[in-house]
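A.B. asks: only geometry, no sequence info:
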């Protein structure tokens, strides 16, 4: 409910650019579909929506321009097809861009701090 109220409040003044952080996180599927429709109509009217997400499938289905950030730096940006390149998906391109696909199997849990034990 907070996400929906926050989005309604943000749209109230009809800004040219709307910034959203993980707008679909913790939202039920029906509400997510409603939010998606609102954002699609909003961008169709000429506005810009900038949002962050860790769900590459969502980004791929909603965005036409993307930026990939890792460790506080933009690794790639541009039209979705350009950033995706020859990769079969944005998820695969993201992993390649941030170097996650080059880790060996034993370090899969390194991000937990200390690796597997």
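C.D. replies: That came through fine. A quick note: this is a predicted structure, and the numbers were derived from the prediction, not measured. Residues are numbered from 1 along each chain as shown.
A.B. asks: who are the neighbours in contact with the residue lying closest to residue 70 once chain neighbours are set aside?
C.D. replies: Across the structure, with CB to CB, 6 or more residues apart in numbering as the measure, the residue nearest residue 70 apart from its sequence neighbours is residue 98 (4.0 Å). C-betas here are computed from N, CA, C, even on glycine. Applying CB atoms under 8 Å, 6 or more residues apart in numbering to residue 98 gives the contacts 68, 70, 75.
A.B. asks: mind showing which ranges of the chain have poor pLDDT?
C.D. replies: 101-117 (pLDDT under 70).
A.B. asks: can you list the domains in it?
C.D. replies: The chain is divided into the following domains under automatic domain parsing: 1-52, 54-103.
A.B. asks: distance between the ends of the longest one?
C.D. replies: The first and final residues of domain 1-52 sit 19 Å from each other (CA to CA, to the nearest Å).
A.B. asks: now swap in stretch 19-26 and tell me
C.D. replies: Terminal residues of stretch 19-26 lie 18 Å apart, using CA to CA.
A.B. asks: same check, this time on stretch 42-51
C.D. replies: Stretch 42-51: ends 14 Å apart by CA to CA.
A.B. asks: may I see the buried residues of the helix ranked longest in the chain?
C.D. replies: Taking DSSP state H as the criterion, the chain has its longest helix at helix 29-44. By 16 or more other CB atoms under 10 Å, the buried positions in helix 29-44 come out as 32, 35, 36, 38, 39, 42.
A.B. asks: just send those residues back as CSV, with distance to residue 85 too.
C.D. replies: CSV is the format used below for these (distance: CB to CB, whole Å):
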residue, distance to residue 85
32, 28
35, 29
36, 26
38, 31
39, 26
42, 29
